[in-house]
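Enquirer: What follows is a predicted structure for the sequence shown.
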Amino acid sequence: MVTTTAPVPVRSPLPWSLAGRTAVILGGTSGIGLAAAELLASVGARVLLVGRDKDRLEAALTRVNAAATRMNAAAIPAGPPAGPPAGPPAGPPAGTKPSGTSAGTLAQTPAGTFAGPAAGTSAGTPAGTSAGTLADAAGTAADAVGTSAGAAGTAADGGVGADGMYADVHGISADVTDDDALAEVFDWAGTVDHVLMTAGRPAGIGPVAELSRNTAQAAVAGPVGAVLEVVRAAVPRLNPGGSITLASGILVARPRPGMSAPVAAAGAVETLARALAVELAPARLRVNAVRFGAIDTPLLRSRFEAAGAEADAAMAEAGAGMPLGRFGTAEEAASAALFLMANPYMSGEVLTVDGGQSLA
Ligand SMILES: NC(=O)c1ccc[n+]([C@@H]2O[C@H](COP(=O)([O-])OP(=O)(O)OC[C@H]3O[C@@H](n4cnc5c(N)ncnc54)[C@H](OP(=O)(O)O)[C@@H]3O)[C@@H](O)[C@H]2O)c1
């Protein structure tokens, strides 16, 4: 149980205050989590992406790294490169940072750097990718893929990335339902400021009476259990002022037949966010949830048996029935999560981002 009362951190509530902060995104390789990672990188945060599929992870890292590179380039002032800001150059303890990162040493920031893999684990073993490092499984639960768009130097005054904070992007392939893998993720991350949990998809779709006992129970217990395990793994790592953001959906407010089990799971996640907000407040940790409407992501697109331009057309046609004439974008959905991370006075909130879908 958290009993200590930490000092109250007060920061700017604007997204720029996430510069130099460390965010772990469970489910960061697709859809809303990936969009959140790009937005975080674009404001100079350190981002650790987590997903199961390694190819998807690599592709996501390429995208997020591009956002980080753009941000870091914008943060470097014209003229000869300046040295790092006051204080010694940073870096994790010797031997723990994945070698071969692409763009030089990161300057030390108040938020620190990723801890990197523990000695003797496979995570962080160089495998010669151009973007950074790739660890191969060999029996461990989580595999790290690292890219770094960081650049030594000082940031432009008052701009994005002020105070020498540079975006830094890494990825780990891990299954959030595997406790050992989760522990490795957070060991690798070290001290963390924000956790976004978007991993998962609705399960147990169909009339409850027609679901098997196992399917019905797993559909509810699975997602809630995964969130609980993420919270258990994250809390000891979170800095005061840090946050956990969970994912829910508007079916909680407007249930549909055949969705009872996943809606029960989503409702429980919202309740958990509120309960945890109370429980973790003495440690100055905040917990919120975002209730997403129908958002154009690979998850929503998987409902349509179409690909490429056909899928775009199917999405446009289906989205035309929404109040704003379209589905939401992953970026629009993700920006709600960034708001909850950045605003130090947001806790216990379930924020709906649905373009009015729950009113229609
Ligand atoms: N899109 C919507 O319209 C909508 C609406 C309401 C609620 N939501 C909720 O919002 C969340 C994000 O949705 P999305 O549309 O962004 O989904 P998405 O595009 O399918 O992305 C899901 C992400 O989670 C990862 N993931 C799934 N299971 C995982 C596991 N066991 N361990 C680790 N990573 C896992 C996926 O990568 P891997 O598969 O490679 O692991 C992927 O990166 C979900 O919880 C979803 O139910 C979405």
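Expert: Okay, I see it. Numbering: from 1, shown residues only.
Enquirer: From here on, just use CA atoms for contacts and neighbour counts.
Expert: Fine.
Enquirer: what's downstream of whatever helix or strand A261 lives in, the next helix or strand?
Expert: For A261, the element it lies in under DSSP states H and E is helix 260-280. Toward the C-terminus, helix 260-280 is succeeded by strand 286-292 as the next helix or strand (DSSP H and E).
Enquirer: Does the very next helix or strand once past that following strand reach the ligand?
Expert: The first helix or strand that comes after strand 286-292 along the chain, using DSSP H and E, is strand 295-296. Yes - counting by CA under 6 Å from any ligand atom, the ligand has neighbours in strand 295-296: 295-296.
Enquirer: mean confidence for strand 295-296?
Expert: If you average the pLDDT over strand 295-296, you get 98.
Enquirer: And for G27, the neighbour number?
Expert: 24 (other CA atoms under 10 Å).
Enquirer: and the residue nearest to A68 when sequence neighbours are not counted, what helix or strand is that in?
Expert: What sits nearest to A68 in space, not counting adjacent residues and going by CA to CA, 6 or more residues apart in numbering, is A41, at 4.8 Å. With secondary structure defined by DSSP H and E, A41 is part of helix 31-42.
Enquirer: what does the helix or strand following that helix contact?
Expert: Downstream of helix 31-42, the first helix or strand assigned by DSSP H and E is strand 46-51. Outside of strand 46-51, the residues within contact range by CA atoms under 8 Å, 6 or more residues apart in numbering are 19-29, 34, 37, 40-41, 57, 61, 113, 166-175, 185, 189, 199.
Enquirer: Can you name every helix or strand that the helix holding A41 contacts?
Expert: Helices and strands touching helix 31-42, by 3 or more CA pairs under 8 Å, 6 or more residues apart in numbering; DSSP states H and E, are strand 22-26, strand 46-51, helix 54-75, helix 330-342.
Enquirer: So stretch 297-310, near the ligand or not?
Expert: Yes - shown here: stretch 297-310 in contact with the ligand (CA under 6 Å from any ligand atom) through 297-300.
Enquirer: Which of those residues ranks first by neighbour count?
Expert: T297 (19 neighbours).
Enquirer: excluding its backbone neighbours, what's nearest it?
Expert: The shortest distance from T297 to any non-neighbouring residue, by CA to CA, 6+ apart, is to G31 (4.6 Å).
Enquirer: Centre of the chain to stretch 14-23, how far?
Expert: Put simply, stretch 14-23 sits 13 Å off its chain's centre (CA atoms, centre = their mean, to the nearest Å).
Enquirer: and G356, how many residues sit next to it?
Expert: G356 - counted by other CA under 10 Å - has 12 other residues nearby.
Enquirer: Output the set of residues of this protein in proximity to the ligand.
Expert: Residues of the chain found near the ligand (CA under 6 Å from any ligand atom) are 26-33, 51-53, 56, 174-177, 198-202, 247-249, 292-300.
Enquirer: out of those, which are buried?
Expert: Buried members of these, scored by 16 or more other CA atoms under 10 Å, are 26-33, 51-52, 174-177, 198-200, 202, 247-249, 292-297, 299.
Enquirer: what residues are up against the nearest residue to G225 once chain neighbours are set aside?
Expert: Nearest non-adjacent residue to G225, counting by CA to CA, 6+ apart: T177, 8.0 Å away. Residues near T177 by CA under 8 Å, 6+ apart: 225-226, 229.
Enquirer: Need these in a markdown table (columns: pLDDT and secondary structure).
Expert: Shown next, in a markdown table, are those (pLDDT from 0 to 100; DSSP: H, G, I helix; E, B strand; the rest coil):
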| residue | pLDDT | secondary structure |
| --- | --- | --- |
| G225 | 98 | helix |
| A226 | 98 | helix |
| E229 | 98 | helix |
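Enquirer: which of those lies closest to the ligand?
Expert: The nearest member of those to the ligand, counting by CA to the nearest ligand atom, is A226 at 8.0 Å.
Enquirer: mind checking how far stretch 342-353 is from the chain centre?
Expert: Distance, centroid of stretch 342-353 to centroid of chain: 16 Å (CA atoms, centre = their mean).
Enquirer: buried sites along that stretch?
Expert: Residues of stretch 342-353 classed as buried: 342-344, 346-353 (neighbour count, 16+ other CA under 10 Å).
Enquirer: Make TSV from the residues you listed and add distance to L211 and secondary structure to it.
Expert: Output for those, formatted as TSV (distance: CA to CA, whole Å; DSSP: H, G, I helix; E, B strand; the rest coil):
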residue	distance to L211	secondary structure
A342	41	helix
N343	41	coil
P344	42	coil
M346	38	coil
S347	36	coil
G348	33	coil
E349	32	coil
V350	29	strand
L351	31	strand
T352	29	strand
V353	30	strand
